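Asker: Test case, fold it:
(2 chains, ligands or ions: 4)
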Amino acid sequence: MTAARSERQTVAQPGEAVEIAPGVHWIGVLDPTLRSFDIILRTANGTTYNAYLVRGSESVAVIDTVKAGFAEEFFARLESVARYDEIRVIVLNHLEPDHTGALPELMRRAPRARLYISTRATTMLKALLKPKGDERPFEYETVGTGDEVSLGDRTLRFLHTPFLHWPDTQCTYLVEDGVLFSGDVFGCHHCDNRLFNDLCGDFRFAFDYYYAHIMRPFKTYVMDAIKLIEPLKLKLIAPTHGPILRDRPRRSLTRYRELSSASFSERIDNDERSLIVFYMSAYGNTARMAEAICAGAEEAPGVRVSLYDLEGGELQPFVDLIESADALALGSPTINGDAVKPIWDLLSSLAVIDLKGKLGAAFGSYGWTGEAVRMIEDRLRGLKLRVPVPGLRVKLIPTDEELDACRDFGRALAGAIVSGERGKVIDFADLG
Amino acid sequence: MAKAKITFTDIDQTVNVPAGTRVIEVSEKIGAGIIYGCREGDCGTCMMHVEEGWNNLTEPSVLEEKVLRENMASRHDRLACQAQILGDCRVKPA
Ligand SMILES: Cc1cc2nc3c(=O)[nH]c(=O)nc-3n(C[C@H](O)[C@H](O)[C@H](O)COP(=O)(O)O)c2cc1C
Ligand code: FES
Ligand SMILES: [Fe+2]
Ligand SMILES: [Fe+2]
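Answerer: Numbers count the residues shown, from 1 in each chain, chains lettered A, B, ... in the order given. Ligands and ions are numbered 1, 2, ... in the order given. Below you'll find the model as predicted:
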């Protein structure tokens, strides 16, 4: 280890805050034994709930708190650098309980503090922090981009960055020092008592993994937020989970930008629209429907059609493919009154991508009841895809006429893809 | 029946609808980005920003006005689950 590096070495000690910039302290907590977060994320070495304290010449601000079970450790760190009666400002960048668990107790201990939340957070505050008994509801002030709170010689400025990853999320910028308190943005689940990105273990995969599961569904909001953050002088980014980014903080903006562009370039070809057809088939009947649908769809100029047997692939690349496609058709036989599991596995993997404006369709062969197609259509609609062409079912082996109907189905779907092109006017009756 | 055009600028798509249609009916079918919670004008989740054609939507009710106020709506924000389309307009999620 170089001398310079060992000088910068810090290790979070119980009951002690860690200074991350002059007059700015980390007062968060470590949760090293956590192995899954919010049900949807695995956490191989736990996580941290980062909270911060900023001392100004006239008042002290606390930015975010911690999960309820960790409140005592948070208060101990806070008390090592400030008195409760000095706290005049509490900022919540995000109301999820991993950051608001300790808030009610903090409000009790710091009665002179005012609470600052984003404009979209008000209804959540009421639902998450319901007053008990004769407690008064929290008083708060809502803030948006450009609003400022003065701490005397330093200023907190707010950035409205909604849907990263809840409607209420915002970032807070300490103007004079170039510190961005970014909330869950730029965070990751990585627990390391060395706290800073230049000292922690290699957590790059955790950073990307967090993005993929938490931020990816909101790519357009991520890009909007980056536009707000980019012009700022950035000495340090202080997120609510994982390492504090003091070494080349701008690299995380670059990485977010990279991760927010589609996995494949926007279009296979500038003028072409993309339809992906997936199917499962035990005896080949749904497969033959799929081939005929593709043949029909391919007749439409400007639509590129791709056909995949779900049985032959992993989910993740298929999810990437769907992210950059315009339409998705799913074929499943009906087995025991349902579509088959790989179809549901694919559909339940789509929550991580933005499906806005895409078209969906369903088809399949069946024996006597044929529920699968309708169930898939309902699910597609539930995921907010538009289903412009009614699902197509064929009893057992498709006849030549039925294969013609499949080609028609493909043509109609391709027609809807072309007519639904951006800028064109669609009739309400055709929305399905 | 009178028709009107509503454009969802986030997905850049325009739909020709019968006058009187609620924004929510169109936006859900076309998969625009406006998000819905209670669907009955109470939660404020569906707040949208009207970029053009503000006067081509039905007037907000007293209740909608209250919810908009509580959610710090800016000028020309409306609840998509409440507003009905009377003439051409352009909207996006607030
Ligand atoms: C990663 C994540 C994403 C969420 N997405 C949504 C959502 O899209 N819509 C919604 O209504 N609530 C959403 N929520 C909020 C949860 O439904 C809410 O916190 C709920 O109270 C959790 O219930 P539980 O305590 O039973 O887990 C989300 C929560 C998390 C952690
Ligand atoms: S969805 Fe709740 S107010 Fe419109
Ligand atoms: Fe969160
Ligand atoms: Fe979080």
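Asker: Tell me who's in contact with the most centrally placed residue in chain B.
Answerer: Centroid-nearest residue in chain B, with C-alpha atoms, centre = their mean: B:A80, separated by 3.2 Å. By C-beta atoms under 8 Å, 6 or more residues apart in numbering or on different chains, the contact set of B:A80 is B:R22, B:V23, B:I24, B:S27, B:I34, B:Y36, B:C46, B:M47, B:M48, B:V91. All C-beta atoms are positioned from the backbone trio N, CA, C, and that covers glycine.
Asker: so of the residues you listed, which ones are in strands?
Answerer: B:M47, B:M48, B:V91 (DSSP state E).
Asker: pretty sure the second one is in contact with B:C81, am I right?
Answerer: Okay, so that is B:M48. No - assessed by C-beta atoms under 8 Å, B:M48 is found out of contact with B:C81, at 9.6 Å.
Asker: What are the contacting residues of stretch A:293-301?
Answerer: A:275, A:277, A:303, A:305, A:307, A:329, A:331, A:363, A:392, A:406-411, A:413-415, A:417-418.
Asker: How far off centre is it?
Answerer: In this view, stretch A:293-301 has its centroid 35 Å away from the chain centroid, taken as C-alpha atoms, centre = their mean, to the nearest Å.
Asker: what does stretch A:397-415 give?
Answerer: The chain centroid and the centroid of stretch A:397-415 are separated by 38 Å under C-alpha atoms, centre = their mean.
Asker: List the buried residues of that stretch.
Answerer: A:398, A:402-403, A:405-407, A:409-415 (16 or more other C-beta atoms under 10 Å in any protein chain shown).
Asker: Likewise for stretch A:358-371?
Answerer: A:K358, A:L359, A:G360, A:A361, A:A362, A:F363, A:G364, A:S365, A:Y366, A:G370, A:E371.
Asker: Do I have it right that the last one meets A:D338?
Answerer: Yes - the pair formed by A:E371 and A:D338 meets the contact definition of C-beta under 8 Å, at 6.4 Å.
Asker: Torsion angles phi and psi at A:A110?
Answerer: phi -120, psi 70 (degrees, to the nearest 10).
Asker: again with A:R386
Answerer: Dihedral angles (degrees, to the nearest 10) for A:R386: phi -90, psi 140.
Asker: what comes into contact with stretch A:310-317?
Answerer: Counting by C-beta under 8 Å, 6+ apart, A:F278, A:Y279, A:M280, A:F318, A:P342, A:I343, A:D345, A:L346, A:S349 sit against stretch A:310-317.
Asker: List buried residues within the ones in strands among the contacts of B:A80.
Answerer: The buried subset of the ones in strands among the contacts of B:A80 - by 16+ other C-beta under 10 Å - is B:M47, B:M48, B:V91.
Asker: so what pLDDT did the second one get?
Answerer: Looking back up the chat, that one is B:M48. Per-residue pLDDT puts B:M48 at 95.
Asker: hang on, the earlier thing: can you list residues touching both of B:M48 and B:C81?
Answerer: Common neighbours of B:M48 and B:C81 are listed as B:V23 (criterion: C-beta under 8 Å, 6+ apart).
Asker: where in the stretch 301-432 of chain A is pLDDT low?
Answerer: A:421-423, A:432 (pLDDT under 70).
Asker: still on that earlier bit, read off the pLDDT value for the residue nearest to the centre of chain B.
Answerer: We have a pLDDT of 97 for B:A80.
Asker: And for B:A32?
Answerer: Per the predicted model, pLDDT is 86 at B:A32.
Asker: Turn the contacts of stretch A:310-317 into a markdown table, columns for distance to ligand 3.
Answerer: What follows is these, written out as a markdown table (distance: C-beta to the ion, whole Å):
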| residue | distance to ligand 3 |
| --- | --- |
| A:F278 | 32 |
| A:Y279 | 37 |
| A:M280 | 35 |
| A:F318 | 27 |
| A:P342 | 30 |
| A:I343 | 30 |
| A:D345 | 25 |
| A:L346 | 26 |
| A:S349 | 21 |
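Asker: now, which of these sits nearest A:E148?
Answerer: A:S349 (42.1 Å; C-beta to C-beta).
Asker: so the closest one touches A:V319, yeah?
Answerer: Yes - A:S349 lies in contact with A:V319 (C-beta under 8 Å); the separation is 5.1 Å.
Asker: Looking at the two, which one has more neighbours?
Answerer: The neighbour count for A:S349 versus A:V319, taken as other C-beta atoms under 10 Å in any protein chain shown, is higher for A:V319 (18 against 14).
Asker: residues touching that one, list them.
Answerer: With C-beta under 8 Å, 6+ apart, A:V319 has these contacts: A:L346, A:S349, A:L350, A:V352, A:I353.
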